[in-house]
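[1] next input, structure requested:
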Amino acid sequence: MTHLNFDSGKKFRILQLTDIHLDTSKKLDGLEKTLSLIQRAAADTKPNLIVFTGDLAWGPGAEQALDILARTMEKIGIAWAPVLGNHDGAPKDGSIKSREDFADILSGMKYSLFEKSTDGVDGHGNYIITVGDSEPEWALFMLDSHTGEFLPSQLYWYTHSSAAMPESHSELAFFHVPFPEYAEVWDYRPCKGYNMEGVCSTRYNDGLFAAMARTGKMRGVFVGHDHINDFEGTLDGIRLCYGRGSGYQPYGLEGYAKGARIIDLEHSKNDFHTAIYLDTGEI
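    So this is what the prediction gives:
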């Protein structure tokens, strides 16, 4: 578990990038545009932490693509925390034969806070980052949504890890594939933003949202997977947010700009402010 402090102004900014799908075998102009967006977004928004919510690299040159990402993040020089997407570690991706291999590479990168899961917890990359001063005020739960499911060991890990935190703490969660409650919040609650392709959620309702609601500590959930959705809505007191698709190589929609999501935390406040950053520099 890594602990990060608020800045001198008692604030903490997270930049969420998602679905960059770096590919060294085709659309190389898109690769360069994606790397440029990552660097410009970091320079413009000045985050304390950058989170990648899955689908980082694919294709026969996936390992080379991850190396390019690592060198880009070294140049930026900011702590970053990735989670695995459904495409990460696909056996067809060159020398990366499994999700475990993909996780091994991420865990050794400079400035990467990625951690392998605790023994007995299914998946690769279930870990926690805490934010605060003398003690954690926020716990950021990073979860592996596999290729579209959450397993009982992950729910147990989340529930017991949450209970072990200070009573006054608040939580955010980051993973790749949205759970079914994203469709529910869009259908039945006021939302901001775009739903341009429907919600492609986990196959079953695995109980993760219910576990989060029961703790009473979860304030916001941030996902990717659906490249042209960026909406936000609140269900049972939890704000369900998509990132903004950040990669120029995978599918998108003409006129729908690439970008990122900004998440701002403040000392002694148990809510957050969030906004969308576009590749034009507009927030």
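
[2] same for the helix or strand harbouring residue 29, what does it pack against?
    Per DSSP states H and E, residue 29 falls inside helix 28-45. Applying 3 or more C-beta pairs under 8 Å, 6 or more residues apart in numbering; DSSP states H and E, one finds that helix 28-45 contacts strand 11-17, helix 62-76, strand 259-266, strand 273-278. (C-beta placed from N, C-alpha, C; glycine too.)

[3] save the ones you listed as CSV, and put in mean neighbour count and mean pLDDT too.
    What follows is the helices and strands packed on helix 28-45, written out as CSV (neighbours: other C-beta atoms under 10 Å; pLDDT from 0 to 100):
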stretch, mean neighbour count, mean pLDDT
strand 11-17, 23, 98
helix 62-76, 19, 97
strand 259-266, 22, 98
strand 273-278, 17, 98
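
[4] closest to residue 137 out of those?
    Judged by C-beta to C-beta, the one of the helices and strands packed on helix 28-45 that comes nearest to residue 137 is strand 259-266, at 7.9 Å.

[5] that older thread, direction included, what does the helix or strand that the helix holding residue 29 is followed by pair up with?
    Once helix 28-45 ends, the next helix or strand along the chain (criterion: DSSP H and E) is strand 49-53. For strand 49-53, the paired strands and their directions (DSSP bridges) read strand 11-17 (parallel), strand 80-83 (parallel).

[6] reformat those as CSV; add distance to residue 233.
    Shown next, in CSV, are the strands paired with strand 49-53 (distance: least, C-beta to C-beta, whole Å):
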stretch, distance to residue 233
strand 11-17, 17
strand 80-83, 22
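
[7] how about those strands, which one is nearest residue 230?
    Ranking those by proximity to residue 230 (C-beta to C-beta) places strand 11-17 first, at 10.5 Å.

[8] and the closest one with strand 273-278, angle?
    With axes from the mean of the first three to the mean of the last three C-alpha atoms, to 10 degrees applied, the angle from strand 11-17 to strand 273-278 works out at 40 degrees.

[9] what residues does strand 11-17 touch?
    Residues external to strand 11-17 that are found in contact with it (C-beta atoms under 8 Å, 6 or more residues apart in numbering): 4, 6, 38, 41-42, 45-53, 131, 138, 140, 172, 174, 222, 243, 246, 260-267, 277.

[10] dump that strand to PDB, restricted to CA.
    Only the C-alpha atoms of strand 11-17 are listed here, as PDB (Å, rounded to 0.1, in the frame of the first residue of the first chain):
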ATOM      1  CA  LYS A  11      -5.400  19.600  -2.200                       C
ATOM      2  CA  PHE A  12      -4.800  16.500  -4.300                       C
ATOM      3  CA  ARG A  13      -5.500  16.100  -8.100                       C
ATOM      4  CA  ILE A  14      -5.900  12.900 -10.000                       C
ATOM      5  CA  LEU A  15      -5.800  12.700 -13.800                       C
ATOM      6  CA  GLN A  16      -7.700   9.700 -15.200                       C
ATOM      7  CA  LEU A  17      -6.700   8.400 -18.600                       C
END
